[in-house]
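Novice: Would you be able to build a 3D model of this:
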Amino acid sequence: MISERDNIKTNSLSAWILAARPKTLTGAIVPVMIGTAWAWKIGGAENFRFLPALLCFLFAFLMQIDSNFINDYFDCVKGSDDKETRLGPKRACTEGWITLSAMHKGLVVTSLLASLVGLPLVFYGGWQMVLVGAACVLFAFLYTTFFSYLGLGDVLVLVFFGIIPVTFTTYVILPSTLQGVYPEVIMTSIACGLVIDTLLIVNNYRDRDNDKKSGKMTLIVRIGAKKAEKLYNFLGLLAIIFTIQGRISPDNNGWKAYVIPLIIYIPYIFLHTKTQRYMVQIKQGRELNKVLALTARNILIYGILTTIVVLIS
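Specialist: This next block holds a predicted model:
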């Protein structure tokens with residue numbers, strides 16, 4: 001496995017792999033995995049379309065990498081990433097692993113690739129898929145260059161890592177006769193966005209002092225460390241409530257409908273609360289990068305357990 005401690009050659013394959021930030025890809029795979037599970041549950045095996053499911057996974061991966069490249073490039077250009085004061089994982093452009101001109105070309109290429117991969121989804125979901133894809137690409141740029149400085153990054157995570165990928169993955173996989181708005185899918189998509197937002201909370205919790213100095217008014221800078229610690233725990237637990245409530249139908253409201261999924265979620269609840277206590281214990285510094293990795297693991301576990309909960313609903 002490639003490490004930041006390795007001797008990274010400029011613009012090498014190793015440099016690009018590190019710039020892609022593999023650990024963040026759980027945030028891309030989980031929403032699509034949940035949306036795929038709902039499509040299977042709603043339509044059954046006979047109505048499940050594999051090609052749009054594959055395209056959704058590829059589009060999500062490429063958009064996550066694209067977002068990482070955009071973040072790396074523009075934060076370096078703005079001077080937001082300082083080698084001396086940065087607490088988070090090293091960034092490719094700031095470290096000199098990838099030149100700015102190469103990264104600029106890289107983010108253009110990944111944006112185009114994501115668009116090309118997503119374009120065939122028009123045949124499965126209609127012309128509105130063009131608008132959805134364009135919004136994903138546009139807000140990938142606006143997040144780093146604008147919204148994150150206003151403390152609105154958490155809202156974008158809820159929308160673009162929860163609501164949009166879960167609901168539209170379900171939509172395009174299903175045949176036209178079954179495509180529609182499903183309240184249970186929307187509830188689960190909101191829950192997914194809340195869980196993935198815990199990753200952003202840890203990231204901004206770690207960087208709160210540097211962000212405040214640079215004028216980056218993230219939500220964590222605005223509410224303070226204490227409330228951020230509580231918010232991290234609250235969002236993870238609130239997501240479980242949304243997920244369980246989202247799978248309850250009017251004719252299936254017995255105690256088993258609540259208790260069985262709650263039992264399934266015990267591993268996630270345990271790991272999430274344990275990670276939050278570890279976060280509070282560390283408080284600040286580079287050590288919080290371990291909490292970031294643990295949170296990414298928790299998100300993946302949530303995605304797997306939610307897939308199980310959806311399929312048995």
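Novice: quick one: the helix or strand of the chain with the lowest mean pLDDT to chain centroid distance?
Specialist: Using mean pLDDT, DSSP states H and E, helix 255-264 stands out as the lowest-scoring helix or strand of the chain, at a mean of 82. On the basis of Cα atoms, centre = their mean, to the nearest Å, the separation between the geometric centre of helix 255-264 and that of its chain is 26 Å.
Novice: right, and the helix or strand after that helix?
Specialist: Using DSSP states H and E, the helix or strand that follows helix 255-264 in sequence is helix 266-282.
Novice: Just the C-alphas of that following helix, formatted as PDB.
Specialist: C-alpha atoms of helix 266-282 as PDB (Å, rounded to 0.1, in the frame of the first residue of the first chain):
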ATOM      1  CA  ILE A 266     -25.900  -2.500  17.000                       C
ATOM      2  CA  PRO A 267     -22.400  -2.900  15.500                       C
ATOM      3  CA  TYR A 268     -22.600   0.500  13.900                       C
ATOM      4  CA  ILE A 269     -24.100   2.200  16.900                       C
ATOM      5  CA  PHE A 270     -21.400   0.700  19.100                       C
ATOM      6  CA  LEU A 271     -18.500   1.700  16.800                       C
ATOM      7  CA  HIS A 272     -20.000   5.200  16.100                       C
ATOM      8  CA  THR A 273     -20.300   6.100  19.800                       C
ATOM      9  CA  LYS A 274     -16.900   4.600  20.600                       C
ATOM     10  CA  THR A 275     -15.400   6.700  17.800                       C
ATOM     11  CA  GLN A 276     -17.100   9.800  19.100                       C
ATOM     12  CA  ARG A 277     -15.600   9.200  22.600                       C
ATOM     13  CA  TYR A 278     -12.200   8.800  21.000                       C
ATOM     14  CA  MET A 279     -12.700  12.100  19.100                       C
ATOM     15  CA  VAL A 280     -13.600  13.900  22.400                       C
ATOM     16  CA  GLN A 281     -10.600  12.400  24.100                       C
ATOM     17  CA  ILE A 282      -8.100  13.600  21.400                       C
END
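Novice: can you give me the angle the next helix-or-strand element following it makes with helix 255-264?
Specialist: Counting by DSSP H and E, the next helix or strand C-terminal to helix 266-282 is helix 288-312. In terms of direction (axes from the mean of the first three to the mean of the last three Cα atoms, to 10 degrees), helix 288-312 departs from helix 255-264 by 150 degrees.
Novice: and the angle for helix 288-312 with helix 266-282?
Specialist: Using the same axes, to 10 degrees: helix 288-312 against helix 266-282 is 160 degrees.
Novice: on contacts alone, who are the packing partners of the least confident helix or strand of the chain?
Specialist: Counting contacts by 3 or more Cβ pairs under 8 Å, 6 or more residues apart in numbering; DSSP states H and E, helix 255-264 is packed against helix 225-246, helix 288-312. For glycine as for every other residue, the C-beta is placed from the backbone atoms N, C-alpha and C.
Novice: okay, the shortest one in CSV with CA atoms only?
Specialist: Provided in CSV are the C-alpha atoms of helix 225-246 (Å, rounded to 0.1, in the frame of the first residue of the first chain):
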residue,chain,number,x,y,z
ALA,A,225,-15.9,22.3,19.4
LYS,A,226,-18.3,21.2,22.2
LYS,A,227,-21.4,21.3,20.0
ALA,A,228,-19.5,19.7,17.2
GLU,A,229,-18.7,16.7,19.4
LYS,A,230,-22.4,16.3,20.3
LEU,A,231,-23.5,16.9,16.7
TYR,A,232,-21.2,14.1,15.4
ASN,A,233,-22.8,11.6,17.8
PHE,A,234,-26.4,13.0,17.2
LEU,A,235,-26.2,12.7,13.4
GLY,A,236,-25.1,9.1,13.4
LEU,A,237,-27.9,8.1,15.8
LEU,A,238,-30.5,10.2,14.1
ALA,A,239,-29.7,8.4,10.8
ILE,A,240,-30.6,5.1,12.4
ILE,A,241,-34.0,6.5,13.4
PHE,A,242,-34.6,7.8,9.8
THR,A,243,-33.5,4.5,8.3
ILE,A,244,-35.7,2.4,10.5
GLN,A,245,-38.7,4.7,10.2
GLY,A,246,-38.2,4.8,6.4
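Novice: so what pLDDT did T275 get?
Specialist: As predicted, T275 sits at a pLDDT of 97.
Novice: Tell me the spacing between it and G215.
Specialist: 30 Å (Cβ to Cβ, to the nearest Å).
Novice: now do D66
Specialist: Distance from D66 to G215, by Cβ to Cβ: 26 Å.
Novice: Can you give me the neighbour number for the nearest residue to L219 once chain neighbours are set aside?
Specialist: Counting by Cβ to Cβ, 6 or more residues apart in numbering, L219 lies nearest to G151, which is 4.6 Å off, once chain neighbours are set aside. Using other Cβ atoms under 10 Å, G151 has 18 neighbouring residues.
Novice: State the distance from G151 to G224.
Specialist: Look at G151 and G224: by Cβ to Cβ, they are 12 Å apart.
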